[in-house]
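No letters, just coordinates:
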């Protein structure tokens, strides 16, 4: 059964940058290995099995794909619950298309849902198809996550890419419809994670690097939260919301491991 506290872990900016594991990442994962834990990401572009291989290649150990929950997988599951045997039209990376194809049927003429994720695929033709499905067919607009931008690291160089929030915006503007959002900080992704771990908000700690998604969404559900300032929100940056602060606010995973031990969070 493992120890009592369950951990939900964001990955990019917490455990790694690009293809490089961050200092203390492997030691942190070893420290929570006896606890229920799940890797949780707003990024729908890669399927869980591919994510697991990347983590292993970075020296973070062999991680079963069942311990990885992406917004693509969560979106497909939500669509199946809303309309079993759903038809869809999707814009985004191959991880999104794979997850949807396993649960539904691609149909750019009779789609029940227009699904927007991250990655390539948005152009004039796809935007036109999606708009007309929504306005004429009555398809519902769904976004895997609300992130306006995402960080990209390659050979130590950082750049900013458009996130799902930016890619879904043209559909919302053109149709005057607001997308259903699956990922953090909305509650759906967290709830699916807790279902998989058979846990409750009171028993969970969310570890993330973004106050606006990781921390805010988890805290609203009653989880304890830990902010690691190794991503977009660096040490010294002022906290944006004085009414909603993390339970732990640390500069590194080494510091977080020490803080968890001191607080008794890592005891069975």
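Happy to help now that I have it. Because the structure is predicted, anything quoted here is derived from the model rather than measured. Numbering: from 1, shown residues only.

Look at the nearest residue to residue 31 once chain neighbours are set aside and give its secondary structure.
In this structure, residue 31 finds its nearest non-sequential neighbour in residue 257, 5.1 Å apart by Cβ to Cβ, 6 or more residues apart in numbering. (Each C-beta comes from the backbone N, C-alpha and C, glycine too.) Per DSSP: H, G, I helix; E, B strand; the rest coil, the secondary structure class of residue 257 is helix.

And the pLDDT for residue 257?
Looking at residue 257, its pLDDT is 97.

Report how many residues lie close to it.
When neighbours are counted by other Cβ atoms under 10 Å, residue 257 registers 20.

wait, doesn't it sit right on residue 30?
No - with contacts defined as Cβ atoms under 8 Å, residue 257 does not count as touching residue 30, sitting 9.1 Å away.

Tell me which residues touch residue 221, please.
Counting by Cβ atoms under 8 Å, 6 or more residues apart in numbering, residue 221 touches 187, 190, 191, 201.

Just want to check the distance between the closest residue to the third one other than its chain neighbours and residue 16.
Spelled out, it's residue 191. Leaving aside its chain neighbours, residue 191 sits nearest to residue 221 (7.8 Å; criterion: Cβ to Cβ, 6+ apart). For residue 221, the distance to residue 16 (Cβ to Cβ, to the nearest Å) stands at 26 Å.

now do residue 246
If you go by Cβ to Cβ, the gap between residue 246 and residue 16 works out to 21 Å.

Check residue 181 too.
For residue 181, the distance to residue 16 (Cβ to Cβ) stands at 25 Å.

distance of the residue nearest to residue 31 from residue 220?
According to Cβ to Cβ, residue 257 stands 26 Å off from residue 220.

And residue 13, by the same measure?
Using Cβ to Cβ, one obtains 21 Å as the distance from residue 13 to residue 220.

Between those two, which is the more surrounded one?
Set residue 13 next to residue 220 and count neighbours by other Cβ under 10 Å: residue 13 wins out with 21 against 14.
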